[in-house]
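In: Fold the following.
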Amino acid sequence: MHGTENPSAWLQRWAHLIAPGSRVLDVACGAGRHMRWLAAQGHEVTGVDRNPDAVALAQAFGDVTCADIENGPWPFPGQSYGAVIVTHYLWRPLLPLIVQSIAPGGVLIYETFAAGNETVGKPSRPDFLLQPGELLRATEGLHTVAYEDGFESPPDRFVQRIAAVRPVPTADAVRWLLRAN
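Out: Below you'll find the predicted structure:
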């Protein structure tokens, strides 16, 4: 079942940007692989997924909502999080809500498949593949700390990834470390 694998290497690399003890939302959480890892890091995790079997497994790691976020209302209106995590999921109408859910100082860690993936496997439908620069455009207003858009192997796949922070108005320059200490 999706969600039982190890946590994403992209999430692990950029998780140091998440403030200690933050509220974290995992969108399309599956069985909770990222929830499990983030809870072990001391974060308060919330997940959402439409698969009741996956939600039943993910409940062991935090608060989980079973909802069809593509056809129903956003289950977290007006709520903000210290981090929002999205991997291997794309539903373009939700991108603005996902970005709005990031609190000042919070981080978006997002990775999914990109155009070109149709040449090497699934997903192959354009609806599920980010176009070049699409995550950058969707996250305008956030400070991009890291961004990748290209091909990796193994497994062969085209991906797009971003780690972006919602700035906090401050007189001091903020330093977003590129590596955890």
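
In: How about residue 66: what's its closest non-neighbour residue?
Out: In space, and not counting its chain neighbours, residue 66 is closest to residue 55: 4.4 Å by Cβ to Cβ, 6 or more residues apart in numbering. Just so you know, the C-beta spots here come from the backbone N, C-alpha and C atoms, and that holds for glycine as well.

In: before we move on, what about residue 61?
Out: residue 35 (3.9 Å).

In: tell me the contacts of the one you found?
Out: 26, 29, 45, 47, 58, 61-62, 64 (Cβ atoms under 8 Å, 6 or more residues apart in numbering).

In: coming back round to it: the helix or strand containing the residue nearest to residue 66 - what's its average pLDDT?
Out: Per DSSP states H and E: residue 55 is located in helix 52-58. Averaged across helix 52-58, the pLDDT comes to 95.

In: can you check stretch 78-95 too?
Out: Per-residue pLDDT values over stretch 78-95 give a mean of 97.

In: And for stretch 15-26?
Out: On average, the pLDDT along stretch 15-26 is 97.

In: Quote the end-to-end distance of that stretch.
Out: Separation of the first and last residues of stretch 15-26 by Cα to Cα, to the nearest Å is 13 Å.
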